[in-house]
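Trainee: model the structure of this input:
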Amino acid sequence: MENNNNKRIFEMQAEVCKTLTNPKRLEIIHALKDGEKNVTELVEILGIPKANVSQHLSVMKKMGILKSRREGVNIYYSISNPKVIEACNLMREVLTEQLRERERILSSQ
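Mentor: Residues are numbered from 1 along each chain as shown. All right, here's what the predicted structure looks like:
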């Protein structure tokens, strides 16, 4: 039973990771880290067409990364679980450290 659960968790993790392979989706997570925003605000932040933002939001909501609520004509999006932000921040820290180390190595040559 536990082996089947682990297998399912790995499959789910792979699906979420596939969803996050798009840099714009990571930007959306970054934009939502301090609270919910509507599509218009995200269009302004990301600098891409509304249709593209809406498509990314839809994919991320379907995967359970985001949640939404309607207020009048606006739909507000937010991160479904704060651990998503923690995971993305942790990965950014790892990559930042790697980049600094590469720069240090290159500058010492």
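
Trainee: list the buried residues of the helix or strand of the chain with the lowest mean pLDDT.
Mentor: Least confident helix or strand of the chain, by mean pLDDT, DSSP states H and E, is helix 2-19 with a mean of 90. Buried residues in helix 2-19, counted by 16 or more other Cβ atoms under 10 Å: Thr19. C-betas here are computed from N, CA, C, even on glycine.

Trainee: after that helix, which helix or strand is next?
Mentor: helix 23-32 (DSSP states H and E).

Trainee: please compute how far stretch 28-43 lies from its chain's middle.
Mentor: Relative to its parent chain, stretch 28-43 has a centroid offset of 11 Å by Cα atoms, centre = their mean, to the nearest Å.

Trainee: what average pLDDT does it get?
Mentor: For stretch 28-43, mean pLDDT rounds to 96.

Trainee: and that stretch, what's buried?
Mentor: Within stretch 28-43, judged by 16+ other Cβ under 10 Å, the buried ones are 28-29, 31-32, 36-37, 39, 41-43.

Trainee: ok so, going back, now the angle from the least confident helix or strand of the chain to helix 23-32?
Mentor: Angle of helix 2-19 versus helix 23-32, following axes from the mean of the first three to the mean of the last three Cα atoms, to 10 degrees, is 90 degrees.
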